[in-house]
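Chemist: Okay, structure incoming, though there's no sequence with it:
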C-alpha cells in the first residue's frame with residue numbers, strides 16, 4: 001500500500017535480527033501507575049510498555065493520551081493489554097494495583113483488601129512472564145512484597161518492592177534544603193518499614209563523604225532530627241491536601257527499572273526478603289541494596305548505632321505482626 005514511499009526492498013522476516021526489546025507491564029492505571037508509565041516513557045526505559053487495569057475503558061484512554069506524545073520522545077510501543085496476552089514474556093512487571101489509601105488510614109490498614117487482589121494477579125504473572133522481575137509498589141509495600149514472594153515462588157532476588165526509596169529521597173531533600181546543598185550530594189537513608197516505624201539512619205548521614213557528625217555540633221545535629229518526622233508524615237500531608245501521592249514515586253520506580261534493565265548495580269533502599277541482618281528473619285523491609293539485572297542481589301552491611309538497631313528490629317516486628325495472621 002505504501003510501497004512508493006520507500007526505495008529499498010522490504011526486509012524478509014528471516015533476516016530480522018534477534019535483539020530482544022525491553023518489555024515492561026504496569027498493572028494498575030491509577031495515579032501511581034500512570035505516573036510510573038509517564039516517567040518511564042519520557043526517560044526511554046522500555047521499548048514495549050503494556051498497561052493493564054480492571055477498568056478497560058480508562059486504560060485505553062490513558063494509552064491514547066500517552067501515545068499522542070510519542071513524536072516528542074524516543075519511540076516506544078505503548079498498549080493496553082494483559083500479562084496473558086500483550087504482556088507475555090515481559091522483563092519486568094510493576095504492580096501498582098490495589099485499594100487506595102484513605103485520609104487518616106495507615107498503610108497497614110490496606111493489608112486485607114490488597115492481599116485478595118494479589119492472589120488473583122501473581123499466578124497469572126508467573127505463568128505468562130516466568131522470567132520477569134516483579135516490582136511491587138502497592139501499599140503496604142513491604143507486606144505486599146512478602147505476599148508476592150510467597151505466592152510466586154520466585155527467587156527472592158526477583159521480587160522487590162519500592163520500599164523506602166521515596167522516604168530516602170524525601171529525607172535527602174529536606175536535609176539538602178536545610179543545609180543548602182544539592183540533594184544528590186547527600187547520602188542519607190531511611191530503612192525498615194515504608195510506614196510509621198521507618199528508621200532514619202542519622203549515624204550514616206554524610207555530605208560529599210564527610211559525616212554530618214564531623215561538620216556540626218551535637219546541638220546543631222539534634223536540631224535537625226525533627227526533619228525525620230517531616231519525612232514520616234509527608235505522605236499523610238500530601239494525601240490530606242490532594243488525595244494521593246504519585247509523581248515522586250513514579251520517578252523512584254523509574255530509577256529502579258533503570259537499575260534493573262541497565263544492570264547498573266545501583267544501591268537503593270528497596271524492600272526485599274531479609275534473613276539474618278541484625279537477627280531479623282522472614283520479613284521484607286528496606287535496606288541499602290545493590291539492584292541490577294538479577295534484581296535485589298546484595299544488601300550493604302550497614303553498621304548502625306545501638307538505638308538505630310533497636311528501631312530497625314522494632315520496625316521488623318511491626319511487619320512480622322502484620323504478616324502473622326495472613327493466609328498466603
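Modeler: Right, received. Where do you want to start? What you are looking at is a predicted structure, and each value in this text was computed from that prediction instead of being measured. Numbering: from 1, shown residues only.
Chemist: CA only for contacts and neighbour counts going forward, please
Modeler: Will do.
Chemist: low pLDDT regions in the protein?
Modeler: Scanning the chain for pLDDT under 70 picks out the ranges 1-3, 6-18, 101-102, 105-108, 110, 327-328.
Chemist: in it, which residue is closest to the centre?
Modeler: Nearest to the mean C-alpha position of the chain, by CA atoms, centre = their mean, lies residue 162 at 2.6 Å.
Chemist: gap between that one and residue 89?
Modeler: 22 Å (CA to CA, to the nearest Å).
Chemist: Could you do residue 204 as well?
Modeler: Residue 204 is 40 Å from residue 89, by CA to CA.
Chemist: Residue 220 too?
Modeler: 53 Å.
Chemist: The two - which one has more neighbours?
Modeler: residue 89 (21 against 11; other CA atoms under 10 Å).
Chemist: what separates the nearest residue to residue 76 once chain neighbours are set aside from residue 292, distance-wise?
Modeler: Nearest residue to residue 76, sequence neighbours excluded (CA to CA, 6 or more residues apart in numbering): residue 47, at 4.9 Å. According to CA to CA, residue 47 and residue 292 sit 18 Å apart.
Chemist: For the two, indicate the residue with more neighbours.
Modeler: residue 292 (22 against 16).
Chemist: In contact with that one, which residues?
Modeler: Listed by CA atoms under 8 Å, 6 or more residues apart in numbering, the contact set of residue 292 reads 259, 260, 261, 262, 263, 264, 265, 266.
Chemist: again, only using 6 Å
Modeler: Shown in contact with residue 292 (CA atoms under 6 Å, 6 or more residues apart in numbering): 259, 260, 263, 264, 265.
Chemist: Save those as a markdown table, and put in distance to residue 27 and neighbour count too.
Modeler: Listed next are these as a markdown table, based on distance: CA to CA, whole Å; neighbours: other CA atoms under 10 Å:
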| residue | distance to residue 27 | neighbour count |
| --- | --- | --- |
| 259 | 20 | 21 |
| 260 | 18 | 22 |
| 263 | 23 | 14 |
| 264 | 24 | 15 |
| 265 | 25 | 18 |
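Chemist: quick one: contacts of the one helix or strand residue 62 maps to?
Modeler: Secondary structure assignment for residue 62, by DSSP states H and E: helix 56-67. If you take CA under 6 Å, 6+ apart as the criterion, helix 56-67 is touched by residue 80.
Chemist: Remind me which helix or strand the closest residue to residue 249 other than its chain neighbours belongs to.
Modeler: Residue nearest to residue 249 in three dimensions, not counting chain neighbours: residue 166, with 6.1 Å by CA to CA, 6+ apart. According to DSSP H and E, residue 166 maps onto helix 165-179.
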